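J.: Predicted structure and sequence below. I'll ask about it afterward.
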2 protein chains.
Amino acid sequence: MSSDLQGFELPLRLLLAFRVLIDELHEELARQGHPQMRPMHGFVFQAIMRAGGPYGTTAADLGRALGVSKQAAGKTIDMLEGLGYLRPGHDPSDARRKTYTLTPHAYDALERSERIFEHLRDQWAGVIGEDRLRAMVEDLRKVTPPDVFRLDTPQWFNAP
Amino acid sequence: MSSDLQGFELPLRLLLAFRVLIDELHEELARQGHPQMRPMHGFVFQAIMRAGGPYGTTAADLGRALGVSKQAAGKTIDMLEGLGYLRPGHDPSDARRKTYTLTPHAYDALERSERIFEHLRDQWAGVIGEDRLRAMVEDLRKVTPPDVFRLDTPQWFNAP
DNA sequence: CAAGATGGACAACCTCATTAACCATATAGA
DNA sequence: TCTATATGGTTAATGAGGTTGTCCATCTTG
């Protein structure tokens, strides 16, 4: 009965590496004027940019894009609207659709996230080498699905 | 205003890679007689093996090991006991301690998980090369904390 | 032996999901 | 055109997993 369970290392390290990046991102984002941003939000913003129609994205659109129910997507939208990251609108061609688009505040958060991630990436490149880091991302691309927004993952993390 | 947001690729790929492994693990575990296993449980089993005293692990022990409250650990223990993965015991040297140890069913799940992870690892090695995969794990070790069980992460995922 | 630390058990509450049901609006077919 | 069906939005009930706070029983230590 093996007790060392070495085979768990690959998934564990992938998870820890993700957590390290996300935790440091949100610490820094909080310092830069976005203390309310939660880990999921950056992905949500990107999904909202891509998933909607010409007049914006609905809760149902977002739910499909993220792989969660429209009700869950609706609650996320409510919170992000309350935080000033989303602005409501409507679709003149379909009176049912209640659409949302990103506010400048959301674009600010996205741009800052981008810069912080790049900074963290540079730190990692300093530790393991630029070539090795590039190889890692390239390899990860080969073993992960290309459709990056169907995360299909409810209840990510609750930053306390 | 950049709209491609390429800087998100590293964290996203790490997350997707982890999800791919975990999802395939649990699909296969379900086929092999463990349909109730949840993503967190494998980590919990390992923590229970390591965190306790000679007579087993208590909820308080487990809470400390996982970085959650003793109450949260207690609820997890209750569920795992209900699923037949944990067996209660007691510590003759301390009447307060209500201890738990893994059942053979839990060891079976751990061994199967180990084998499934190894199989997935081999698949990845076939795609990206054994040397590249080894380099990836080595590099991830360099950028992640060494203390693998203090995940400090409430509410991981609810596989539906 | 008294005082404090620790383990366990409850209770109340939070967050983020889920399903189910219902109503309003679009759309397609007879 | 009218009806059937699909879709969007909302609300409600539920579940998993977490949190504090409180209380009591049992060590452990001065």
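T.: Yep, that arrived. Numbers count the residues shown, from 1 in each chain, chains lettered A, B, ... in the order given.
J.: Stretch A:112-125 and chain B in contact?
T.: Yes: using C-beta under 8 Å from any C-beta of the partner chain, stretch A:112-125 reaches chain B at A:Ser113, A:Glu114, A:Arg115, A:Phe117, A:Glu118, A:Arg121, A:Trp124. Placement of C-beta: from N, CA and C, glycine included.
J.: centre of the chain versus that stretch, how much separation?
T.: 15 Å (C-alpha atoms, centre = their mean, to the nearest Å).
J.: buried sites along the top helix by length along chain A?
T.: The longest helix of chain A (DSSP state H) is helix A:104-128. Within helix A:104-128, the residues scored as buried using 16 or more other C-beta atoms under 10 Å in any protein chain shown are A:105-110, A:112-114, A:116-117, A:120-121, A:124, A:128.
J.: Also stretch A:74-94?
T.: A:Gly74, A:Thr76, A:Ile77, A:Leu80, A:Leu83, A:Tyr85, A:Leu86, A:Asp91.
J.: Of those residues, which are in range of DNA strand D?
T.: The subset of the buried residues of stretch A:74-94 within reach of DNA strand D, by C-beta under 7 Å from any atom of the strand, is A:Gly74.
J.: center of chain A, which residue is that?
T.: By C-alpha atoms, centre = their mean, chain A has its centre lying nearest to A:Phe43, at 2.3 Å.
J.: Which strand or helix spans it?
T.: If you go by DSSP states H and E, A:Phe43 is part of helix A:39-51.
J.: Is there contact, residue-wise, from that helix to DNA strand D?
T.: No: using C-beta under 7 Å from any atom of the strand, helix A:39-51 stays clear of DNA strand D, coming no nearer than 10.7 Å.
J.: Who are the packing partners of the longest strand belonging to chain A?
T.: For chain A, the strand with the greatest residue count under DSSP state E is strand A:94-102. Contacts defined by 3 or more C-beta pairs under 8 Å, 6 or more residues apart in numbering or on different chains; DSSP states H and E place strand A:94-102 against helix A:39-51, strand A:86-91.
J.: got the contact list for the shortest one?
T.: Defining contact as C-beta atoms under 8 Å, 6 or more residues apart in numbering or on different chains, one finds that strand A:86-91 is touched by A:48, A:53, A:55-56, A:77, A:80-81, A:97-103, A:106.
J.: sorry, back to before: now distance to A:Arg64 too, for the helices and strands packed on strand A:94-102, in CSV please.
T.: As requested, the helices and strands packed on strand A:94-102 are arranged in CSV below (distance: least, C-beta to C-beta, whole Å):
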stretch, distance to A:Arg64
helix A:39-51, 7
strand A:86-91, 16
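J.: comparing these, which gets the lowest mean pLDDT score?
T.: Mean pLDDT is lowest for helix A:39-51 among those, at a mean of 87.
J.: Give the buried residues for that helix.
T.: Those would be A:Pro39, A:Met40, A:His41, A:Gly42, A:Phe43, A:Val44, A:Phe45, A:Gln46, A:Ala47, A:Ile48, A:Met49, A:Ala51, for helix A:39-51 by 16+ other C-beta under 10 Å.
J.: Quick check: the fourth one touching A:Ala109?
T.: Yes: the pair A:Gly42 and A:Ala109 passes the contact test of C-beta atoms under 8 Å, sitting 7.3 Å apart.
J.: quick one on the thing from earlier: out of the buried residues of helix A:39-51, which comes closest to DNA strand C?
T.: A:Met40 (5.3 Å; C-beta to the nearest atom of the strand).
J.: can you list the weak-confidence ranges in chain A?
T.: Filtered on pLDDT under 70, chain A yields the residue ranges A:1-5, A:147-160.
J.: hmm, 90 instead?
T.: A:1-9, A:12, A:15-16, A:18-20, A:22-27, A:30, A:35-44, A:50-53, A:66-67, A:144-160 (pLDDT under 90).
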